[in-house]
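Novice: everything below, folded, please.
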Amino acid sequence: MTTEVTFETATLADSIRKAAAIAPARAGDSFDKAAGIIIEVYPGYDQIIIRATDLLLFYMEWIDSLEASGDAVRWRVPAKVFEAIISALPIGSGRTVTLKQEGGTLKITSGRAGASLRLIRIDDYPEWYPFETDNLKTVAELGARIAQAEWAAAKDVPALGIRFTGNHILATDRYRLVQVPLDLDTSEAITIPPSVLSTFLKKVGETRIGIDSTHFLVMPDDHTQVKAIRIGDKFPPIEKVMRSDYPQQIKFRKQEIMDIVNRATKIGADRFPVCQLILGLEEIAAFMSEDELGYIGDVVELPGQAIHDRCSIRIHPQNFIDALSYAPSEEVILYYDKDEPRKTLLKIDGGSGYLAWLAPRGDVPKGEEISK
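Specialist: Here you go, the predicted model:
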């Protein structure tokens, strides 16, 4: 018997968008083992299950169908192509999309629009099961808090993921470090890989979370479960660099300083750009130069601040911009040491408990960065 299922287009499109963000898109081990999106149809039940994984993050969502008939099936479709087709369909009141299997292909129809996709073999796709929800705890703004931290996480070093301590979220790649407050009401610290978790949690107010021996468990709503694999409990001893006794500090509006640093980067073509922050004589300047092109710089006045002689601090401009842009307050405090500007980490207090530390560019020896 042929299986056929009909959805409101907006309902299916929203779920597939999130699943496609998780499904691996590039060739590699995770793509070979877990490419695609799974659609599980059980006629007689109102809800269809959507699954996706990159072997680090495991996503399940139960969505309502309007009608389903035929045999119980599990379809595996190419993630990016399927998401592109569904998202391109008209969405609005009364708009529907029907999926129907015909041999080894899935036929997609919505009004007079139609498409057909070849199904992927499903027998080697990873299996996982829903987790128990009785012991989950509710936390606020989880996605937003993760987003504030994960810009500083190393993308290619497994042990340097997103660290939950019970009171804070930490992230570092050994050259930048960020600490964000988050009360998880747990004494167990865990680390998960950087991922798209914050992307679809960003607008969720309250999220239920839990921890088991292998995963960080997340329920953004009653119909969605996400499991992030734990990648071990080893994390650099970063406490020693969380300095608080800086001899100098300035306060400024972050957008003003981001603007002048962005302006300075227009001259740079180097893969490893260096921007000079020049502080002193009641000013802060951003300056970059290129031997074959020239230079560009701009200045913001700081009346009553930085009254010492000028000092120059070499920074990675994007790291500095990221640290400022994720700060929750418009006014931030920058801590520095004018006498050792090339050896001392910059510290940024972005308000509401947000703190970031940045190693000066090109002046910290290998192995002597944020933490060994």
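Novice: which regions of this protein sit below the pLDDT cut-off?
Specialist: Scanning the chain for pLDDT under 70 picks out 1, 158, 233, 268-271, 362-372.
Novice: show me where it has helices.
Specialist: 9-22, 29-34, 79-88, 142-150, 197-201, 254-264, 317-325 (DSSP state H).
Novice: and the fourth one with helix 317-325, angle?
Specialist: Relative orientation of helix 142-150 with respect to helix 317-325: 150 degrees, computed using axes from the mean of the first three to the mean of the last three C-alpha atoms, to 10 degrees.
Novice: kindly report the same for the third one.
Specialist: Between helix 79-88 and helix 317-325, the angle comes out at 50 degrees (the same axes, to 10 degrees).
Novice: same check on the first one?
Specialist: Orientation of helix 9-22 against helix 317-325 (the same axes, to 10 degrees) gives an angle of 130 degrees.
Novice: show me what counts as buried in helix 9-22.
Specialist: Buried residues in helix 9-22, counted by 16 or more other C-beta atoms under 10 Å: 9-16, 18-22. No exception for glycine: its C-beta is placed from N, CA and C like everyone else's.
Novice: of those residues, which is the nearest to residue 207?
Specialist: Each of these was checked against residue 207 using C-beta to C-beta; the closest is residue 18, at 14.2 Å.
Novice: quick one: that closest one from residue 316, how far?
Specialist: As for residue 18, its distance to residue 316 is 32 Å (criterion: C-beta to C-beta, to the nearest Å).
Novice: just the terminal-to-terminal distance for stretch 20-31.
Specialist: End-to-end distance for stretch 20-31, by C-alpha to C-alpha, to the nearest Å: 12 Å.
Novice: list the buried ones in stretch 53-64?
Specialist: For stretch 53-64, using 16+ other C-beta under 10 Å, the buried residues are 53-54, 56-63.
Novice: how far does it sit from its chain's centre?
Specialist: 16 Å (C-alpha atoms, centre = their mean, to the nearest Å).
Novice: then stretch 174-186?
Specialist: On C-alpha atoms, centre = their mean, the centre of stretch 174-186 falls 14 Å from that of its chain.
Novice: tell me which residues of that stretch come out buried.
Specialist: 174-180, 182, 184.
Novice: return the member of the buried residues of helix 9-22 nearest to residue 360.
Specialist: Using C-beta to C-beta, the shortest approach to residue 360 within the buried residues of helix 9-22 belongs to residue 21, at 34.9 Å.
Novice: nearest to residue 77 among the buried residues of helix 9-22?
Specialist: Out of these, the member with the shortest distance to residue 77 (by C-beta to C-beta) is residue 16, at 8.9 Å.
Novice: in contact with that closest one, which residues?
Specialist: Neighbouring residues of residue 16 by C-beta atoms under 8 Å, 6 or more residues apart in numbering: 37, 50, 82-83, 86-87.
Novice: again, but for residue 323
Specialist: With C-beta under 8 Å, 6+ apart, residue 323 has these contacts: 151-152, 176, 178, 348, 350, 356, 358.
Novice: one more pass at 7 Å, please.
Specialist: If you count contacts by C-beta atoms under 7 Å, 6 or more residues apart in numbering, residue 323 has them with 348, 356, 358.
Novice: format those as JSON lines; extra columns: distance to residue 258 and neighbour count.
Specialist: Shown next, in JSON lines, are those (distance: C-beta to C-beta, whole Å; neighbours: other C-beta atoms under 10 Å):
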{"residue": "348", "distance to residue 258": "12", "neighbour count": "20"}
{"residue": "356", "distance to residue 258": "14", "neighbour count": "28"}
{"residue": "358", "distance to residue 258": "14", "neighbour count": "23"}
